[in-house]
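Colleague: model this:
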Amino acid sequence: MKTLIIEDEQRAARQLQNLLHKTNFEYQLLDVIDTVEDAVLWFGKNEVPDLVFMDIQLADGLSFEIFQKIEVNAPIIFTTAFDQYAIQAFKVNSVDYLLKPIQQEDLQIALRKFKKSNNANTVDPSILRELLASMQTPQKRTGILVKEGSGFVQIRIAELLYIYSQDSITFGVTHNKRYIIDETVDQLFNSLDDHKFYRINRGQIVAKLSIQKIEPYFNHRVKLVVENPRDQEFIVSRQKTSDFKEWMNT
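Modeller: Residues are numbered from 1 along each chain as shown. Next up is the predicted model:
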């Protein structure tokens, strides 16, 4: 069974492969892809796989954007950390969806459903386009709960200079303090105003108002000088550099 994994978190991709091995699912892994851009290029150059595991939130956007750019005639099992996306993905007649962290029993159920469908289920691209359009203008939050001592306090989103992940912990930094946030970078990014915040790479989100300078960096990337950087470096990933510059001009 020729299988493609589209997933922007290496650890999640490895976990999925380990679970597939434990379920005795016989498959040939064609590739692991982490961006919308690379997925579009891959589908344009390769034969259609027998099955695709597709994370909804990728490094450079929602995976639904792939279907706006190229036709994908393969059965898909969506994976996601977001209940809202999972429910919506399920409604567009994907083979199934798996909520992260993926459980072996859930994976086995999804694979049984895939086999029962005679490997024929594909996603209706027109429905996905409508779904993507409906996600373009989500309601953005104005506050966020952060840990303080043994409890939580709420701070305003507008106070955040940047957000980053380190050792599986998410931090939010303001002008004079660093907070622990009980959410992932993925979850936070989808609830922020994308006119004010930009996800420069997998593990960092930066507020536009915190950026003091943009400097050239290796391999056609750029490095940001931000307010209160602490011990962090801010490197915009190569595939995002052009889009980031456009975002800064808006």
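Colleague: Show me where this protein dips below the pLDDT cut-off.
Modeller: Along the chain, the model assigns pLDDT under 70 to residues 83-95, 118-140.
Colleague: Quick one: the helices in it, in order.
Modeller: With helices called from DSSP state H, the chain shows them at 10-22, 36-45, 66-69, 83-91, 104-116, 125-134, 185-189, 241-248.
Colleague: Can you spell out the domain ranges of the chain, please?
Modeller: What the record gives for the chain is the domain set 2-134, 144-248, from automatic domain parsing.
Colleague: hang on, the earlier thing: what's the closest of the helices of the chain to residue 55?
Modeller: Across the helices of the chain, the minimum distance to residue 55, taken as CB to CB, is reached by helix 10-22, at 7.2 Å. Just so you know, the C-beta spots here come from the backbone N, C-alpha and C atoms, and that holds for glycine as well.
Colleague: quick revisit: let me have the domains of the chain in TSV, extended by mean neighbour count.
Modeller: Output for the domains of the chain, formatted as TSV (neighbours: other CB atoms under 10 Å):
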stretch	mean neighbour count
domain 2-134	18
domain 144-248	16
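Colleague: if we can go back for a sec, how about TSV for the helices of the chain, with distance to residue 159 added?
Modeller: TSV is the format used below for the helices of the chain (distance: least, CB to CB, whole Å):
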stretch	distance to residue 159
helix 10-22	30
helix 36-45	31
helix 66-69	35
helix 83-91	26
helix 104-116	38
helix 125-134	30
helix 185-189	14
helix 241-248	21
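Colleague: right, and those - which one's nearest residue 206?
Modeller: Closest among the helices of the chain, using CB to CB: helix 241-248, at 9.3 Å.
Colleague: which other helices and strands contact the closest one?
Modeller: In terms of contacts (3 or more CB pairs under 8 Å, 6 or more residues apart in numbering; DSSP states H and E), helix 241-248 is packed against strand 197-201, strand 211-217, strand 221-226.
Colleague: Quick one, which of these gets closest to residue 184.
Modeller: strand 197-201 (11.9 Å).
Colleague: Can you measure across stretch 222-232, start residue to end residue?
Modeller: 15 Å (CA to CA, to the nearest Å).
Colleague: hmm, back to that, looking at the helices and strands packed on helix 241-248, which is closest to residue 18?
Modeller: strand 197-201 (25.3 Å).
Colleague: Just the CA atoms of that closest one, as CSV, please.
Modeller: Only the C-alpha atoms of strand 197-201 are listed here, as CSV (Å, rounded to 0.1, in the frame of the first residue of the first chain):
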residue,chain,number,x,y,z
PHE,A,197,1.0,37.9,14.3
TYR,A,198,3.1,35.8,11.9
ARG,A,199,4.3,32.2,12.3
ILE,A,200,7.8,32.5,11.1
ASN,A,201,8.6,28.8,11.6
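Colleague: What pairs with it, parallel or antiparallel?
Modeller: Strand 197-201 sits in its sheet next to strand 204-207 (antiparallel), going by DSSP bridges.
Colleague: In contact with the spatially closest residue to residue 13 that is not a sequence neighbour, which residues?
Modeller: In this structure, residue 13 finds its nearest non-sequential neighbour in residue 7, 4.3 Å apart by CB to CB, 6 or more residues apart in numbering. For residue 7, the contact set (CB atoms under 8 Å, 6 or more residues apart in numbering) comprises 13, 16, 32-34, 53-55, 58, 79.
Colleague: what about 10 Å?
Modeller: 13-17, 32-34, 53-55, 57-59, 63, 79, 100 (CB atoms under 10 Å, 6 or more residues apart in numbering).
Colleague: Does residue 172 touch residue 160 like I think?
Modeller: Yes. Assessed by CB atoms under 10 Å, residue 172 is found in contact with residue 160 at 5.1 Å.
Colleague: Please consider this matter closed, and thank you.
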